[in-house]
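In: Quick one: sequence plus predicted model below, questions after.
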Amino acid sequence: MDKGAIRRRLALGTAVLTAAGLLALAAPGSAQAASYCSGRKVRTLPFSTGSVQVYRSGGYVCAVTFPEKKKGRKQMSVSVQARGSRPVADKGSYTHHAGPVTVHAGHRCVRIKGRVSAGSVNSGWILC
(Lines give C-alpha, C1' and ligand atoms only; values in the text may rest on other atoms or scores of the structure.)
Protein backbone atom coordinates (compact mmCIF):
# COMPACT_ATOMS: atom_id res chain seq x y z
CA MET A 1 0.00 0.00 0.00
CA ASP A 2 1.44 3.40 -0.95
CA LYS A 3 1.77 6.37 1.39
CA GLY A 4 -1.17 8.21 -0.22
CA ALA A 5 -3.58 5.33 0.48
CA ILE A 6 -2.44 5.10 4.09
CA ARG A 7 -2.95 8.84 4.57
CA ARG A 8 -6.44 8.66 3.04
CA ARG A 9 -7.42 5.80 5.36
CA LEU A 10 -6.07 7.64 8.40
CA ALA A 11 -7.97 10.79 7.39
CA LEU A 12 -11.18 8.81 6.94
CA GLY A 13 -10.74 7.10 10.33
CA THR A 14 -10.12 10.44 12.03
CA ALA A 15 -13.21 11.96 10.39
CA VAL A 16 -15.41 9.07 11.53
CA LEU A 17 -14.14 9.30 15.12
CA THR A 18 -14.62 13.08 15.16
CA ALA A 19 -18.20 12.76 13.86
CA ALA A 20 -19.00 10.12 16.49
CA GLY A 21 -17.63 12.37 19.23
CA LEU A 22 -19.67 15.34 18.02
CA LEU A 23 -22.85 13.26 17.94
CA ALA A 24 -22.25 12.14 21.52
CA LEU A 25 -21.81 15.78 22.60
CA ALA A 26 -24.89 16.95 20.69
CA ALA A 27 -27.30 14.79 22.72
CA PRO A 28 -25.52 13.99 26.00
CA GLY A 29 -28.59 13.00 28.03
CA SER A 30 -29.93 10.42 25.63
CA ALA A 31 -26.45 9.15 24.74
CA GLN A 32 -25.65 8.68 28.43
CA ALA A 33 -28.82 6.81 29.28
CA ALA A 34 -28.59 4.69 26.15
CA SER A 35 -25.24 3.41 27.35
CA TYR A 36 -26.85 2.24 30.61
CA CYS A 37 -30.28 1.02 29.45
CA SER A 38 -31.17 -1.13 26.49
CA GLY A 39 -34.29 -0.72 24.40
CA ARG A 40 -36.01 2.41 23.21
CA LYS A 41 -36.61 5.58 25.18
CA VAL A 42 -40.30 5.82 26.07
CA ARG A 43 -40.35 8.79 28.46
CA THR A 44 -38.32 11.63 29.87
CA LEU A 45 -39.63 12.84 33.23
CA PRO A 46 -38.21 16.34 33.84
CA PHE A 47 -38.19 18.11 37.20
CA SER A 48 -36.56 21.23 38.64
CA THR A 49 -33.14 19.75 39.44
CA GLY A 50 -32.86 16.96 36.85
CA SER A 51 -34.68 14.35 34.80
CA VAL A 52 -35.39 10.63 34.68
CA GLN A 53 -35.04 8.82 31.37
CA VAL A 54 -37.17 5.69 30.97
CA TYR A 55 -36.42 2.88 28.51
CA ARG A 56 -38.37 -0.24 27.59
CA SER A 57 -37.13 -3.45 26.00
CA GLY A 58 -39.46 -6.41 25.75
CA GLY A 59 -41.03 -6.79 29.18
CA TYR A 60 -38.25 -4.86 30.96
CA VAL A 61 -38.30 -1.21 32.05
CA CYS A 62 -35.09 0.67 32.89
CA ALA A 63 -34.66 4.17 34.38
CA VAL A 64 -31.73 6.51 35.09
CA THR A 65 -31.79 9.86 36.94
CA PHE A 66 -29.53 12.66 35.67
CA PRO A 67 -28.92 15.98 37.45
CA GLU A 68 -29.52 19.27 35.63
CA LYS A 69 -26.09 20.55 36.73
CA LYS A 70 -23.27 18.01 36.76
CA LYS A 71 -21.04 19.88 39.22
CA GLY A 72 -20.19 18.18 42.52
CA ARG A 73 -21.80 15.36 44.47
CA LYS A 74 -25.54 15.39 45.06
CA GLN A 75 -28.04 13.11 46.76
CA MET A 76 -29.77 11.25 43.92
CA SER A 77 -32.17 8.37 43.59
CA VAL A 78 -34.19 6.45 41.03
CA SER A 79 -36.76 3.71 41.57
CA VAL A 80 -38.92 1.56 39.33
CA GLN A 81 -41.89 -0.40 40.61
CA ALA A 82 -44.00 -2.80 38.57
CA ARG A 83 -47.62 -2.91 39.79
CA GLY A 84 -47.96 -5.71 42.33
CA SER A 85 -44.20 -5.82 43.09
CA ARG A 86 -41.85 -3.99 45.40
CA PRO A 87 -39.86 -1.03 44.05
CA VAL A 88 -36.23 -1.50 42.99
CA ALA A 89 -34.13 1.56 43.81
CA ASP A 90 -30.67 3.06 43.66
CA LYS A 91 -29.89 6.00 45.92
CA GLY A 92 -26.78 7.69 47.21
CA SER A 93 -24.40 10.60 46.71
CA TYR A 94 -23.40 10.73 43.04
CA THR A 95 -21.84 13.15 40.57
CA HIS A 96 -23.26 11.94 37.23
CA HIS A 97 -26.36 9.75 37.63
CA ALA A 98 -28.37 7.38 39.82
CA GLY A 99 -29.16 4.00 38.34
CA PRO A 100 -29.70 2.33 36.05
CA VAL A 101 -32.51 0.34 37.66
CA THR A 102 -34.21 -2.38 35.61
CA VAL A 103 -37.31 -4.43 36.47
CA HIS A 104 -39.34 -7.03 34.62
CA ALA A 105 -42.77 -5.48 34.24
CA GLY A 106 -44.26 -7.66 31.53
CA HIS A 107 -47.49 -5.91 30.53
CA ARG A 108 -48.00 -4.32 33.97
CA CYS A 109 -48.00 -0.61 34.74
CA VAL A 110 -44.89 0.86 36.37
CA ARG A 111 -44.23 3.75 38.73
CA ILE A 112 -41.00 5.72 38.29
CA LYS A 113 -39.56 8.02 40.95
CA GLY A 114 -36.47 10.19 40.70
CA ARG A 115 -34.77 12.72 42.96
CA VAL A 116 -31.80 15.08 42.76
CA SER A 117 -31.23 17.10 45.95
CA ALA A 118 -34.54 18.83 46.78
CA GLY A 119 -36.24 18.28 43.40
CA SER A 120 -38.14 15.11 42.57
CA VAL A 121 -40.61 13.48 40.20
CA ASN A 122 -43.22 10.72 40.68
CA SER A 123 -44.75 9.42 37.46
CA GLY A 124 -47.76 7.68 38.93
CA TRP A 125 -48.75 4.47 37.11
CA ILE A 126 -47.57 4.68 33.49
CA LEU A 127 -46.81 2.44 30.48
CA CYS A 128 -49.98 0.41 31.08
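Out: Thanks, I have it.
In: need the contact list for residue 42.
Out: 54, 55, 56, 127 (C-beta atoms under 8 Å, 6 or more residues apart in numbering). Every residue, glycine included, has its C-beta placed from N, CA and C.
In: Kindly indicate which of those lies nearest residue 47.
Out: Using C-beta to C-beta, residue 54 is the member of these that sits closest to residue 47, with 13.3 Å.
In: Residue 62: which of the contacts of residue 42 is nearest?
Out: Closest to residue 62, out of all of the contacts of residue 42 and judged by C-beta to C-beta, is residue 55, at 4.5 Å.
In: Tell me the bridge partners for that closest one.
Out: residue 41, residue 62 (DSSP bridges).
In: Tell me how many other residues crowd it.
Out: 22 (other C-beta atoms under 10 Å).
In: Please report the distance of residue 59 from residue 93.
Out: The gap separating residue 59 from residue 93 is 32 Å, by C-beta to C-beta, to the nearest Å.
In: hmm, I was thinking of residue 52
Out: 18 Å.
In: and if you look at residue 54?
Out: 23 Å.
In: same question, residue 39
Out: 28 Å.
In: Compare the two (neighbour count), which wins?
Out: Neighbour comparison, residue 39 and residue 93: the larger count goes to residue 39, with 15 against 10 (by other C-beta under 10 Å).
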